[in-house]
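**Student:** Prediction below, plus the sequence it came from.
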Amino acid sequence: MCLYSYDDDAEPHEPSPAGLLYVPVRPGVTGPVIRLFRTPLGARTAVGFTSPARLAATLGGAQPWIRLSEAALRALAGPSGAPRLTVDPTFTAPRATPPPARASVPP
C-alpha cells in the first residue's frame, strides 16, 4: 500500500508545482482572456509568472494580468491547443510581420 498522495505531483520535466501565477490576459467580449504564446520551436504554450515584476520585465508594465493556479491555467489552455505551461519566461520577440509588398512596375 502506498503511503503518499500523488495528486499534486509536478510533471516529470518540472521540479515542483508552480502554485498561483500571474497570467497575462487580453480583453475579451465577456471578460479577460488568457494570452497564449509559442515556444521557440513553435509549440503553443500558456505562460505564467511567479511575480508581477517578472511579468512586467518580460511583457511590459502595461500588460494586464490575473491570478490563476497552475491547475486552472492548464485547464483553460489545454482545450485551446496549448498543452504546455511555461513559467517565468525571460525572452520574448516581437510578433513576426510579413515583408512589405513589392510595388509592381508596369512593363
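**Tutor:** That came through fine.
**Student:** Quickly list what the residue positioned nearest the centre of the chain is bridged to.
**Tutor:** Nearest residue to the geometric centre of the chain (CA atoms, centre = their mean): V47, 2.0 Å. Beta bridges link V47 to T86, judged by DSSP bridges.
**Student:** so what's it scoring on pLDDT?
**Tutor:** pLDDT recorded at V47 is 95.
**Student:** I'd say it and R38 touch.
**Tutor:** No: taking contacts as CB atoms under 8 Å, V47 lies outside contact range of R38: 10.2 Å. (Each C-beta comes from the backbone N, C-alpha and C, glycine too.)
**Student:** Near P24, how many other residues are there?
**Tutor:** 22 (other CB atoms under 10 Å).
**Student:** if I pick the residue nearest to the centre of the chain, what's in contact with it?
**Tutor:** V23, P24, R35, L36, F37, L85, T86, V87, P89 (CB atoms under 8 Å, 6 or more residues apart in numbering).
**Student:** among those residues, which ones are buried?
**Tutor:** V23, P24, R35, L36, F37, L85, V87, P89 (16 or more other CB atoms under 10 Å).
**Student:** How far off centre is stretch 26-40?
**Tutor:** Centroid displacement of stretch 26-40 relative to its chain, using CA atoms, centre = their mean, to the nearest Å, is 8 Å.
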